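In: Here is my input; please provide its structure:
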Amino acid sequence: MSIVAMMFDEIADVPGWIRACIFIGLFFIYEPLAHTLGCTLGNYIMDIRIRSNSDPKQKINIIQSYIRFTLKMALGFISFFTINSNPNRRTMHDMVSKSIVVYFE
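Out: Now for the predicted structure:
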């Protein structure tokens, strides 16, 4: 998003509605799609991946990814309070979307 914002600063007179549409599109498409296809840039840097809880070698599908993303956005930090109460250290959004965070090797 930062790169796109810098590009818009170099282009004169980009209407605000175009900026808003691109920002919203990037925000609501990037993370779910990235988790379905592989990983986000942050996940890549941290060597973690989001996988199916039933088979940690399988990537999650787009529906699971959107469920996970929506709950993560809706619950915010509240979701992370469940990490210590779960033996597999899964958040609420991971439990509902049937996903798990694994270290990539």
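
In: What about Lys72, how many residues nearby?
Out: Residue neighbour count, defined by other C-beta atoms under 10 Å, stands at 18 for Lys72. Yep, even glycine has a C-beta here, placed from its N, CA and C like the rest.

In: same question, Glu10
Out: Counted with other C-beta under 10 Å, the neighbours of Glu10 add up to 7.

In: Against Val4, how distant is it?
Out: Remark: distance between Glu10 and Val4 (C-beta to C-beta, to the nearest Å) = 11 Å.

In: can you give me the mean pLDDT across the lengthiest helix in the chain?
Out: The longest helix of the chain (DSSP state H) is helix 16-37. Across helix 16-37, pLDDT averages out at 88.

In: Next, the buried residues of it.
Out: Ile22, Glu31, Pro32, Ala34, His35, Thr36 (16 or more other C-beta atoms under 10 Å).

In: so what's the fifth one up against?
Out: By C-beta atoms under 8 Å, 6 or more residues apart in numbering, His35 lies in contact with Asn43, Ile50, Lys59, Ile60, Ser65, Arg68, Phe69.
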